[in-house]
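A.B. asks: Build me a model:
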Amino acid sequence: MAFFQQTADFVTDSAVNLNTQRPFLAVVGASVALGLVLGSLWPFQHTPQAKIIASPLKGLKTPLSDEDKTSLVIPLDVLPGARDVSTPYGSIRVYEWGPENGRKVLLIHGISTPCLSLGGLAHALVDRGCRVIIFDLFGRGYSDTPADIPQDDRLFTTQILLALASSPLSWTGASSGQFSLVGYSLGGGIAAAFASHFPNLISSLVLLAPSGLLRDSHISYQTRVLYAKGALPEALVSSLVKGRLKAGPLIKPKPHGASTNEKVGVEDALTEELSSSPQQVLSRAYPSLTTAEAVSWQVDNHPGFVTAFISSIRNGPIPQETQLENWKRLGAYLTLQKQQRDATSLSHDKVLIVLGEIDNVISKNDFVEDATMALEGNAQFEYFSIGHEFPSVKYDELASKLVGFWN
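C.D. replies: Residues are numbered from 1 along each chain as shown. The predicted model follows:
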């Protein structure tokens, strides 16, 4: 009942007495009605929003001194090969490094963390001879937020192509040798959608605890109400979401594996991507930096993060009901490829899917069943005996699995 408790707290602060023990529908109705009233009377009144919300990068004094650079929670040189790419959708922060003649690998991170969350995996792949591109999704890290368009697979596909086009190397041309696409959590859903439309651009697809096939029955009613566009004033939704993210998972994360049969709630996507492992090294330049610190900074300092988070929940490649067509298209392509043995197609006949055994967001058994069906059996599964956070904790072992799969 996280959503209703947050709503009740807000109402109490407004000197309005709601009985939180009323039946579910009564509470929803009261919450919606109250939100509409307060949205017109209180400071949650909607104000026009810029088309592009600038990232925290735009607010920094330039030029930065060496001391200023290292004092940032997420330093500008947190990962090697940083560049800022100007696009019609806002600036994108991209990192690229590794041997120029190495296997090309593009990594896509999850819904709530900046790309730093996959920094350990990126370093481990470079150690194994790969050339890596990793970038902050719109509204995360140091990427801007396009606020006037939905964060759906169309926008994310465009962002991938823009990031690739910014490289000094060829990633998509005839002589590029194609690239391996690796997506984690929301990034997994993005990667699957991209691959279903552009399979000729990639040599292999790897999905790490991916979204895209989340069953409708696993999404909580509270989350549906909170993220239903138009049900509550947008400014009120933003306030509730930001408060929920700050008050819950960033202070006391839910134990992994403690609720594998529960429905996914508002803050679960964020909680599950965090890790408190002391062995975690995401940035070799700043080895003490953790995902929790990076996300906490992001919630407080990136003016477009909450907007991006809400839009990704509403429109992103997450639920099965909107993404099944993409997965089936990819499965049909792989089946046809095996029949034709087209030398210009994906060099791997199967998608590698890696899951956490005790993931609170992606139910292993349900996902294996649904992915096997959608991909027409063209999937290979591997497992880690921890939760959703395994890519940022077991990155060295994961890198070995990926190289083994590619070889």
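A.B. asks: and the longest helix for the protein?
C.D. replies: Determined from DSSP state H, the single longest helix within the chain is helix 320-340.
A.B. asks: so how far is the helix or strand containing Asp300 from its chain's centroid?
C.D. replies: Per DSSP states H and E, Asp300 falls inside helix 291-301. Its chain's C-alpha centre lies 14 Å from the corresponding centre of helix 291-301 when counted by Cα atoms, centre = their mean, to the nearest Å.
A.B. asks: Show me what that helix packs onto, helices and strands only.
C.D. replies: Helix 291-301 makes packing contacts with helix 234-247, helix 268-273, helix 305-315 when contacts are defined by 3 or more Cβ pairs under 8 Å, 6 or more residues apart in numbering; DSSP states H and E. Yep, even glycine has a C-beta here, placed from its N, CA and C like the rest.
A.B. asks: Could you list the low-confidence segments of this protein?
C.D. replies: The model of the chain has pLDDT under 70 over residues 1-49, 70, 247-262, 264-270, 275-278, 341-347.
A.B. asks: Can you give me the buried ones in the helix holding Asp300?
C.D. replies: Neighbour-count burial for helix 291-301 flags 291-299 (criterion: 16 or more other Cβ atoms under 10 Å).
A.B. asks: now those residues as CSV including distance to Asn200?
C.D. replies: Shown next, in CSV, are the buried residues of helix 291-301 (distance: Cβ to Cβ, whole Å):
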residue, distance to Asn200
Thr291, 34
Ala292, 39
Glu293, 40
Ala294, 35
Val295, 35
Ser296, 41
Trp297, 39
Gln298, 35
Val299, 39
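A.B. asks: any idea how this protein splits into domains?
C.D. replies: When the chain is parsed with automatic domain parsing, its domains come out as 1-45+223-263, 52-215+318-406.
A.B. asks: who wins for proximity to Val281 among those?
C.D. replies: Nearest to Val281 among the domains of the chain is domain 52-215+318-406 (5.8 Å), distances taken as Cβ to Cβ.
A.B. asks: tell me how far the closest one is from the chain's mean position?
C.D. replies: Domain 52-215+318-406 sits 9 Å away from the centroid of its parent chain (Cα atoms, centre = their mean).
A.B. asks: before we move on, which element is the residue lying closest to Thr157 once chain neighbours are set aside in?
C.D. replies: Once flanking residues are discounted, Thr157 sits nearest to Phe194: 5.1 Å by Cβ to Cβ, 6 or more residues apart in numbering. Using DSSP H and E, Phe194 falls within helix 186-197.
A.B. asks: That helix: which residues count as buried?
C.D. replies: Neighbour-count burial for helix 186-197 [16+ other Cβ under 10 Å]: 186-196.
A.B. asks: Give me the contacts around the next helix or strand after it.
C.D. replies: Later in the chain than helix 186-197, the nearest helix or strand by DSSP H and E is strand 202-208. Under the criterion Cβ atoms under 8 Å, 6 or more residues apart in numbering, residues 177-185, 187-188, 191-192, 195, 330, 346-348, 351-354, 390-391, 398, 402, 405-406 lie in contact with strand 202-208.
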